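A.B. asks: Need coordinates for the below:
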Amino acid sequence: MDQISKEAEEHQTLWLEEYKPKRIIFKEQFVVCWSGYEGKFGDEPILSEVDIRIINDDVRLFFSAIQKVCVEITNSTFKITEYINLGFDDNFSLYPYEETLLTFYDNGRYSIDVELIFKPPKYGKEQIDLLYQRTRQAENNWLNKLPNENEENWFSEGIAQYYLVCYLNGIDEAKNDLINSRQYLDGSAAEWQNECIEILKKMGEI
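C.D. replies: Next up, the predicted model:
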């Protein structure tokens with residue numbers, strides 16, 4: 001037990017204090033450490049820039065600089081609910097995406113169950129058609145390094161997720177646009193592109 005506690009304390013030093021690193025020991029043998037910026041989703045606590053690990057097996061359960069998660073803990077379980085921030089303009093919201101449930105047993109074993117719970121946001125056809133046009137224009141401006149006269153600069157950063165929203169709302173060609181955007185996006189826009197591709201893979205769309 002003392003050795004487990006020592007390993008957990010040493011592992012916590014990997015994270016800066018502003019990430020509020022925490023640890024919990026299940027069944028006096030399993031150590032779970034996690035860190036992240038603390039915020040609120042309605043009245044519920046939520047974490048961003050999250051890193052979650054099982055120390056005993058050196059297993060990283062979750063890591064994302066973009067997605068947000070809620071953590072729920074009982075005497076024998078550790079549940080991670082992942083949320084996706086999707087939308088456009090003033091329509092952004094967090095949507096439950098995936099649940100990971102760790103269950104720890106007295107016999108020295110544990111199980112990990114993952115369930116996709118994502119229900120994509122739905123918008124009207126006129127809204128989506130306009131969003132698709134705007135995103136294609138933002139892509140053209142990005143490719144040609146043109147100033148975006150009709151949009152704020154932040155719109156171009158969301159090209160990948162806008163294509164994702166368009167595809168999930170019936171514009172089939174937006175999937176290829178999303179996949180091809182990896183060739184030119186960089187920085188945080190490229191990080192979002194990776195996340196959007198993973199979403200489509202988990203949904204069985206790629």
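A.B. asks: Show me the domain layout of this protein.
C.D. replies: The record's domain parsing of the chain by automatic domain parsing lists 2-116, 125-202.
A.B. asks: can these go into CSV with extra columns for mean neighbour count and mean pLDDT?
C.D. replies: Heads up, the C-betas are built off the backbone N, CA and C, glycines and all. Formatted as CSV, these follow (neighbours: other C-beta atoms under 10 Å; pLDDT from 0 to 100):
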stretch, mean neighbour count, mean pLDDT
domain 2-116, 15, 85
domain 125-202, 16, 90
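A.B. asks: longest strand in this structure, by residue count?
C.D. replies: When the chain is scanned for its longest strand (criterion: DSSP state E), the result is strand 59-73.
A.B. asks: who touches stretch 161-181?
C.D. replies: For stretch 161-181, the surrounding residues in contact (C-beta atoms under 8 Å, 6 or more residues apart in numbering) are 86-88, 120-123, 125, 128-129, 131-132, 134-136, 138-139, 159-160, 192-193, 195-197, 199-200, 205-206.
A.B. asks: So what would you say the end-to-end distance of that stretch is?
C.D. replies: Across stretch 161-181, the straight-line distance between its terminal residues is 11 Å, by C-alpha to C-alpha, to the nearest Å.
A.B. asks: Taking the centroid of the chain, which residue is nearest it?
C.D. replies: By C-alpha atoms, centre = their mean, the mean C-alpha position of the chain lies nearest to Q67, the distance being 2.6 Å.
A.B. asks: circling back to that earlier point, can you name the next helix or strand after the longest strand of the chain?
C.D. replies: strand 77-86 (DSSP states H and E).
A.B. asks: Name the residues linked to the closest residue to F26 other than its chain neighbours by a beta bridge.
C.D. replies: If you skip the residues right next to it in sequence, F26 has F104 as its closest partner in space, 4.0 Å away by C-beta to C-beta, 6 or more residues apart in numbering. Beta-bridge partners of F104, counted by DSSP bridges, are Y110.
A.B. asks: I'd say F104 and F30 touch.
C.D. replies: Yes - with contact defined as C-beta atoms under 8 Å, F104 reaches F30; the gap is 5.1 Å.
A.B. asks: Show me the common contact partners of the two, please.
C.D. replies: A shared contact of F104 and F30, defined by C-beta under 8 Å, 6+ apart, is any residue touching both; here these are Y110.
A.B. asks: Apart from its chain neighbours, what residue comes closest to R182?
C.D. replies: Using C-beta to C-beta, 6+ apart and skipping the chain neighbours, the partner closest in space to R182 is Q193 (5.4 Å).
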